[in-house]
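Asker: pasting a predicted model and its sequence here:
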Amino acid sequence: MGKKNKKFKKHTYKHSSQNTENRIKNTVSAQPQANENADVKEIAAPAKSEPAISVDEMRVLNERYTYVRRDVRKLVIAMTTLVVLFVVIYYLNTKSDTLVNFGDWLYKIGHFSI
(Lines give C-alpha, C1' and ligand atoms only; values in the text may rest on other atoms or scores of the structure.)
Protein backbone atom coordinates (compact mmCIF):
# COMPACT_ATOMS: atom_id res chain seq x y z
CA MET A 1 0.00 0.00 0.00
CA GLY A 2 2.83 2.38 0.82
CA LYS A 3 4.44 1.95 -2.57
CA LYS A 4 1.19 2.64 -4.42
CA ASN A 5 0.49 5.68 -2.26
CA LYS A 6 3.94 7.12 -3.00
CA LYS A 7 3.44 6.48 -6.70
CA PHE A 8 0.04 8.20 -6.61
CA LYS A 9 1.45 11.21 -4.74
CA LYS A 10 4.32 11.48 -7.20
CA HIS A 11 1.90 11.29 -10.13
CA THR A 12 -0.47 13.93 -8.75
CA TYR A 13 2.40 16.22 -7.75
CA LYS A 14 3.79 16.02 -11.26
CA HIS A 15 0.47 17.02 -12.81
CA SER A 16 -0.24 19.77 -10.31
CA SER A 17 3.19 21.35 -10.77
CA GLN A 18 2.82 21.31 -14.56
CA ASN A 19 -0.62 22.89 -14.35
CA THR A 20 0.69 25.57 -11.99
CA GLU A 21 3.56 26.41 -14.32
CA ASN A 22 1.20 26.66 -17.30
CA ARG A 23 -1.21 28.90 -15.38
CA ILE A 24 1.64 31.20 -14.30
CA LYS A 25 2.91 31.47 -17.88
CA ASN A 26 -0.59 32.25 -19.18
CA THR A 27 -1.26 34.95 -16.57
CA VAL A 28 2.11 36.62 -17.12
CA SER A 29 1.68 36.70 -20.90
CA ALA A 30 -1.91 37.95 -20.65
CA GLN A 31 -1.04 40.98 -18.47
CA PRO A 32 -1.18 44.26 -20.45
CA GLN A 33 2.00 46.22 -20.96
CA ALA A 34 1.99 49.89 -19.87
CA ASN A 35 3.29 52.50 -22.30
CA GLU A 36 6.18 54.74 -21.33
CA ASN A 37 4.16 57.82 -22.25
CA ALA A 38 2.10 58.77 -19.18
CA ASP A 39 -0.35 60.98 -21.14
CA VAL A 40 -1.62 58.18 -23.34
CA LYS A 41 -3.25 55.40 -21.39
CA GLU A 42 -3.74 52.65 -23.89
CA ILE A 43 -4.43 49.17 -22.75
CA ALA A 44 -2.96 46.47 -24.90
CA ALA A 45 -5.45 43.90 -26.15
CA PRO A 46 -5.07 40.62 -24.35
CA ALA A 47 -3.45 37.85 -26.32
CA LYS A 48 -5.79 35.40 -27.99
CA SER A 49 -6.69 32.98 -25.27
CA GLU A 50 -5.93 29.37 -25.95
CA PRO A 51 -8.30 26.65 -24.77
CA ALA A 52 -7.52 25.28 -21.34
CA ILE A 53 -7.16 21.77 -22.73
CA SER A 54 -5.66 21.05 -26.12
CA VAL A 55 -7.17 18.58 -28.59
CA ASP A 56 -4.49 15.99 -27.89
CA GLU A 57 -5.05 16.18 -24.14
CA MET A 58 -8.80 15.89 -24.68
CA ARG A 59 -8.31 12.78 -26.83
CA VAL A 60 -6.15 11.19 -24.12
CA LEU A 61 -8.76 11.99 -21.47
CA ASN A 62 -11.53 10.54 -23.65
CA GLU A 63 -9.58 7.31 -24.05
CA ARG A 64 -8.66 7.16 -20.38
CA TYR A 65 -12.15 7.79 -18.95
CA THR A 66 -14.46 6.02 -21.40
CA TYR A 67 -15.81 3.88 -18.57
CA VAL A 68 -17.05 7.02 -16.79
CA ARG A 69 -19.09 8.09 -19.82
CA ARG A 70 -20.51 4.57 -20.08
CA ASP A 71 -21.47 4.51 -16.39
CA VAL A 72 -23.07 7.94 -16.55
CA ARG A 73 -25.08 6.89 -19.61
CA LYS A 74 -26.33 3.78 -17.77
CA LEU A 75 -27.26 5.87 -14.75
CA VAL A 76 -29.20 8.38 -16.86
CA ILE A 77 -31.08 5.58 -18.62
CA ALA A 78 -31.98 3.95 -15.30
CA MET A 79 -33.13 7.23 -13.75
CA THR A 80 -35.22 8.12 -16.81
CA THR A 81 -36.83 4.68 -16.78
CA LEU A 82 -37.72 5.01 -13.10
CA VAL A 83 -39.22 8.47 -13.58
CA VAL A 84 -41.35 7.26 -16.50
CA LEU A 85 -42.44 4.20 -14.51
CA PHE A 86 -43.48 6.32 -11.51
CA VAL A 87 -45.44 8.72 -13.70
CA VAL A 88 -47.27 5.82 -15.39
CA ILE A 89 -48.04 4.21 -12.01
CA TYR A 90 -49.32 7.53 -10.64
CA TYR A 91 -51.71 8.10 -13.56
CA LEU A 92 -52.81 4.45 -13.53
CA ASN A 93 -53.58 4.76 -9.82
CA THR A 94 -55.60 7.96 -10.25
CA LYS A 95 -57.66 6.68 -13.22
CA SER A 96 -58.47 3.11 -12.12
CA ASP A 97 -58.49 0.72 -9.18
CA THR A 98 -56.12 -1.75 -10.82
CA LEU A 99 -53.26 -1.15 -8.38
CA VAL A 100 -55.55 -1.40 -5.34
CA ASN A 101 -56.92 -4.72 -6.61
CA PHE A 102 -53.38 -5.95 -7.32
CA GLY A 103 -52.32 -5.00 -3.78
CA ASP A 104 -55.29 -6.84 -2.27
CA TRP A 105 -54.53 -9.92 -4.37
CA LEU A 106 -50.84 -9.83 -3.36
CA TYR A 107 -51.86 -9.52 0.31
CA LYS A 108 -54.10 -12.58 0.07
CA ILE A 109 -51.49 -14.68 -1.75
CA GLY A 110 -48.57 -13.67 0.47
CA HIS A 111 -50.36 -14.22 3.79
CA PHE A 112 -48.79 -11.02 5.16
CA SER A 113 -49.75 -9.97 8.66
CA ILE A 114 -49.55 -6.41 9.84
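Answerer: Perfect, thanks for sending it.

Asker: contacts and neighbour counts: CA atoms only from here.
Answerer: OK.

Asker: would you mind giving the secondary structure of Phe112?
Answerer: coil (DSSP: H, G, I helix; E, B strand; the rest coil).

Asker: can you count the residues close to it?
Answerer: Other residues within reach of Phe112, judged by other Cα atoms under 10 Å, total 8.

Asker: got a pLDDT number for it?
Answerer: What the model reports as pLDDT for Phe112 is 79.

Asker: so who does it touch?
Answerer: Listed by Cα atoms under 8 Å, 6 or more residues apart in numbering, the contact set of Phe112 is empty.

Asker: how far away is it from Arg70?
Answerer: Going from Phe112 to Arg70 by Cα to Cα, to the nearest Å gives 41 Å.

Asker: just the helices in the protein please.
Answerer: 2-30, 55-64, 66-95, 98-110 (DSSP state H).

Asker: low-confidence ranges, the chain, go.
Answerer: 1-51, 114 (pLDDT under 70).

Asker: do that again at 50, thanks
Answerer: Residues of the chain meeting the criterion pLDDT under 50: 31, 35.

Asker: and Val111, how many residues sit next to it?
Answerer: Just to correct that, residue 111 is His rather than Val. Neighbour count of His111, defined by other Cα under 10 Å: 8.

Asker: same thing with Leu99?
Answerer: For Leu99, using other Cα under 10 Å, the count is 14.
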